[in-house]
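A.B. asks: with the sequence up front, the predicted model follows.
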Amino acid sequence: MSTPMFRQATATDVDRCYQIETSAYEGDEAATREKIATRIAQYPEGFLVLEADGQVIGFINSGCADQVVMSDEAFKELVGHDPLAPNVVIMSVVLDPAYQGLGHASRLMARFVEQMRERGKATIHLMCKERHVGLYEKMGYAYVRPSASDHGGMAWHEMIMVL
């Protein structure tokens with residue numbers, strides 16, 4: 001495998017990112033191809049991809065807000081997104097299943113956090129399933145509360161990292 005590299009997503013990444021998203025998330029929790037295209041088009045600087053062997057193997061995408069409401073479904077289409085706002089909301093952290101378990105997700109998250117610090121952001125928010133709470137705590141996130149969101153018919157937990 002070639003050395004993985006980070007870069008900002010471009011419009012040519014939409015199909016591959018959608019393919020990874022649907023392979024890694026269950027049912028309705030996966031973002032649609034249209035949502036992924038919107039996120040790349042509207043906030044490419046918040047859409048970090050990891051590439052290896054000439055293809056995207058994982059990504060993180062996000063939006064920014066002054067007031068974070070994690071259960072706001074419209075925000076997933078970047079309704080209310082303000083690239084200058086201080087609070088980052090991660091919408092997807094996803095890796096091609098063939099590349100999982102190799103430390104790529106941790107490297108992807110570390111680079112993303114570094115970029116948001118460089119941009120002067122104040123906080124990073126995310127929602128995860130219960131089985132991932134400990135993993136995110138190891139990465140520096142603090143548990144906030146069970147989420148009011150029932151996105152994809154699942155139970156979610158809100159977490160925050162103060163930068």
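C.D. replies: That came through fine.
A.B. asks: which strands or helices does the longest strand along the chain pack on?
C.D. replies: The residue-count maximum for a strand in the chain (DSSP state E) belongs to strand 55-65. When contacts are defined as 3 or more CB pairs under 8 Å, 6 or more residues apart in numbering; DSSP states H and E, strand 55-65 packs onto helix 14-24, helix 33-42, strand 47-52, strand 87-95, helix 104-118. All C-beta atoms are positioned from the backbone trio N, CA, C, and that covers glycine.
A.B. asks: from the contact counts, what lies against the second one?
C.D. replies: Here helix 33-42 is seen to pack against helix 14-24, strand 55-65 when contacts are counted using 3+ CB pairs under 8 Å, 6+ apart.
A.B. asks: and what of the last one?
C.D. replies: Counting contacts by 3+ CB pairs under 8 Å, 6+ apart, helix 104-118 is packed against strand 47-52, strand 55-65, strand 87-95, strand 123-128.
A.B. asks: distance to Leu135 for those - can I get that in TSV?
C.D. replies: Listed next are the helices and strands packed on helix 104-118 as TSV, based on distance: least, CB to CB, whole Å:
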stretch	distance to Leu135
strand 47-52	17
strand 55-65	14
strand 87-95	10
strand 123-128	8
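A.B. asks: Ile36: which of the ones you listed is closest?
C.D. replies: Closest to Ile36 of these is strand 55-65 (CB to CB; 7.4 Å).
A.B. asks: now do that closest one, average pLDDT.
C.D. replies: The pLDDT scores in strand 55-65 average 96.
A.B. asks: what about the nearest residue in space to Gly152 that is not next to it in sequence, neighbour count?
C.D. replies: Counting by CB to CB, 6 or more residues apart in numbering, Gly152 lies nearest to Glu29, which is 2.9 Å off, once chain neighbours are set aside. Counted by other CB atoms under 10 Å, the residues lying close to Glu29 total 15.
A.B. asks: wait, isn't Met139 in contact with Met109?
C.D. replies: Yes - applying CB atoms under 8 Å, one finds Met139 in contact with Met109, separated by 5.5 Å.
A.B. asks: so for the two, which residue has more residues nearby?
C.D. replies: Neighbours per residue (other CB under 10 Å) separate Met139 from Met109, with Met109 holding more: 22 against 15.
A.B. asks: sorry, back to before: which one of the helices and strands packed on strand 55-65 lies nearest to Gly153?
C.D. replies: Once the helices and strands packed on strand 55-65 are compared by CB to CB, helix 14-24 is nearest, at 16.1 Å.
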